[in-house]
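Visitor: 3D model of this:
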Amino acid sequence: MQGPRFPFRAALAAGLAVAALLPAARAQDTLKIGLVLPMTGQQATTGRQIDAAVKLYLAQNGATVAGRKIEVVLKDDASNPDQTRRLAQELVVNDKVVALAGFGITPSAMATAPIATQSKTPMVVMAAATSAITQASPFVVRTSFTLPQASVSIAEWAAKNGIKKAVTLVSDYAPGIDAERYFVDRFLLNGGTVPEKLRTPLRAPDFAPVLQKVRDLAPQALFVFLPSGQGAAFMKQFAERGLDKAGVRLIATGDVTDDDQLADMGDVALGVVTSHHYSAAHKSPANQKFVEAFRKANNGLRPNFMAVGGYDGMRVIVEGLKASKGAGGEALLAAMKGQIFESPRGPVLIDAQTRDIVQDIYIRKVEKVDGQLYNVEFDVQKGVKDPGKAR
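Guide: Have a look, this model is predicted:
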C-alpha cells in the first residue's frame, strides 16, 4: 500500500532541513546504524537471525570506528512496508543514522529506497532478494542474494540431470516472480517443458490445492520458491499429499530448506536438491568459526542464510566507515563498493557498478550428518553475478 506522498516528502524535507541546522557535535559521539527488521510476524525468524548476526560481528570485531562508538538502533517493522518507510524516515531525521540496514522482504526495501536517495543515506539490504532492489536507489548495497542467481543455477542443474518436465510453484510477489521467470527461461532454453506455473499468496498460504494440482499433472520435478519461514509448513503438506511417494522430485531455491527450520521438517526433506549461496554445513574454516560462535552466542541456534547476510552486511558497513573515517553519505557508499572478502559463505565481491553481491552458488542435497538434517553441498557455480541485470 502507498501512503500519502506529499506529507511524507514534506516531513522528510523539513526534518532534513532542521537536522542540517543542528550543532555538528551532537552527532559526533556515536555512529548510529538503523537496523529495520521483522522481529514479529510471519518473517520473525529473519529478524531474529539477522539481529543475532549483527551483534556477533560487532562483538568479534569491535564497535569503534575513528574514535566513535557504533550504535545499532533496531526497529521492528513486522514486514509492513508502510511501517518500514515510517521507521526509516525517523531513523534518518531523528537518529541521524549513517546507514540503514536490514529489510526482510522486497516491499519493505522498495518502500525505503526513496528515503535513501533523498537523504543520501547508504542502505544495506541484508535479506530481500528481488533483482530490481539495487536499481531502486543509487544508495542501495546488497549483501544477501538475488533470486535469479539461485533460480538459474538450479535450472541448469535440473537440465543436466535428466529432468525434462517441471511445474513451478512460487510465492506471488516480486521475488517469487523473479524465481519463476528465471527458472522457466533457463529450463526452456535447455530443452525442458513447463506445463503449469502456480503461485500462492505471500501471507497465510494454503498449499494443499496447488499440491493436488501438481500431483494431477505428474511432472518429473516441482520447482519451488517460498520466503524464509514457510518451508516447514510446505514440506509437511508435500508429504501429506504423497508427492514424495508419487515420484515428483522436489527442487528449490535454498529458502525452502532453510537451516533455521530444517530440523522441524523431518525425513520428508531428505534428498531435496536446492541451489543457494549459504549452508551451515559449508566446509571452510571461516564458516566453521562462524557457526560455532553463532551457536554459542544464541543458545545453540543454527545460523541460516539470513544470518550470513546480516553478518556480511555489518562487515561491509564497518569496513566502509573505517575507509571513510566515519563519514556517511557518498563517502561511505564509495567505500562499500568493490569490497572483496572471505565470507562464511565463501569469496564475495560487492560489484562497484551494480552494488550487488557476486558470490558462489552451491547445489546442495538434504542429508543426515551426525543425526541432523543439513544442506550438504556437492556442486558449485563460481562467482555468479545477478542474471537479472544487463551489463
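
Visitor: what about residue 181, how many residues nearby?
Guide: 18 (other CB atoms under 10 Å). C-beta: built from backbone N, CA, C; applies to glycine.

Visitor: contacting residues for it?
Guide: 148, 151 (CB atoms under 8 Å, 6 or more residues apart in numbering).

Visitor: am I right that it falls within a helix?
Guide: Yes: when DSSP: H, G, I helix; E, B strand; the rest coil is applied, residue 181 is found to be in a helix.

Visitor: quickly note the distance from it to residue 215.
Guide: From residue 181 over to residue 215 the distance is 24 Å, taken as CB to CB, to the nearest Å.

Visitor: with residue 179 instead?
Guide: In this view, residue 179 and residue 215 are 21 Å apart by CB to CB.

Visitor: show the contacting residues for the residue nearest the centre of the chain.
Guide: Centroid-nearest residue in the chain: residue 127, 2.5 Å away (criterion: CA atoms, centre = their mean). Residue 127 makes contact with 37, 46, 50, 102, 103, 104, 105, 144, 228, 306, 309, 310, according to CB under 8 Å, 6+ apart.

Visitor: now, which of the residues you listed lie within helices?
Guide: 46, 50, 306, 309, 310 (DSSP state H).

Visitor: endpoints of stretch 265-272, how far apart?
Guide: Length of stretch 265-272, first residue to last, CA to CA, to the nearest Å: 11 Å.

Visitor: buried ones in that stretch?
Guide: 265, 268, 269, 272 (16 or more other CB atoms under 10 Å).

Visitor: now do the buried residues in stretch 154-163.
Guide: In stretch 154-163, counting by 16+ other CB under 10 Å, buried: 154, 155, 156, 157, 158, 159, 163.

Visitor: so the third one, which state does it fall into?
Guide: Using three-state DSSP as the criterion, the local structure at residue 156 reads helix.

Visitor: if we ignore the residues flanking it in sequence, what's nearest it?
Guide: Leaving aside its sequence neighbours, residue 156 sits nearest to residue 186 (CB to CB, 6 or more residues apart in numbering; 6.3 Å).

Visitor: so that neighbour is in contact with residue 158, correct?
Guide: No: counting by CB atoms under 8 Å, residue 186 sits too far from residue 158 to count as a contact (9.1 Å).

Visitor: shaky segments in the protein?
Guide: Across the chain, the ranges flagged by pLDDT under 70 are 1-28, 390-391.

Visitor: which residues of it fall in helices?
Guide: Ranges of helices within the chain are 5-21, 44-61, 81-93, 106-119, 147-160, 174-189, 208-217, 231-240, 262-265, 285-297, 305-323, 329-336, based on DSSP H.

Visitor: Throw those into JSON lines and include distance to residue 167, thanks.
Guide: Formatted as JSON lines, the helices of the chain follow (distance: least, CB to CB, whole Å):
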{"stretch": "helix 5-21", "distance to residue 167": "40"}
{"stretch": "helix 44-61", "distance to residue 167": "27"}
{"stretch": "helix 81-93", "distance to residue 167": "30"}
{"stretch": "helix 106-119", "distance to residue 167": "24"}
{"stretch": "helix 147-160", "distance to residue 167": "12"}
{"stretch": "helix 174-189", "distance to residue 167": "10"}
{"stretch": "helix 208-217", "distance to residue 167": "5"}
{"stretch": "helix 231-240", "distance to residue 167": "13"}
{"stretch": "helix 262-265", "distance to residue 167": "21"}
{"stretch": "helix 285-297", "distance to residue 167": "34"}
{"stretch": "helix 305-323", "distance to residue 167": "25"}
{"stretch": "helix 329-336", "distance to residue 167": "40"}
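
Visitor: residues in contact with the closest residue to residue 223 other than its chain neighbours?
Guide: Nearest residue to residue 223, sequence neighbours excluded (CB to CB, 6+ apart): residue 168, at 4.8 Å. Shown in contact with residue 168 (CB under 8 Å, 6+ apart): 179, 180, 183, 184, 194, 196, 197, 198, 222, 223, 224.

Visitor: how many neighbouring residues does the third one have?
Guide: As a burial measure, residue 183 scores 33 neighbours (other CB under 10 Å).

Visitor: against residue 100, how distant is it?
Guide: Using CB to CB, residue 183 is found at 31 Å from residue 100.

Visitor: so which bits of stretch 372-384 are buried?
Guide: Those would be 373, 374, 375, 376, 377, 381, 384, for stretch 372-384 by 16+ other CB under 10 Å.
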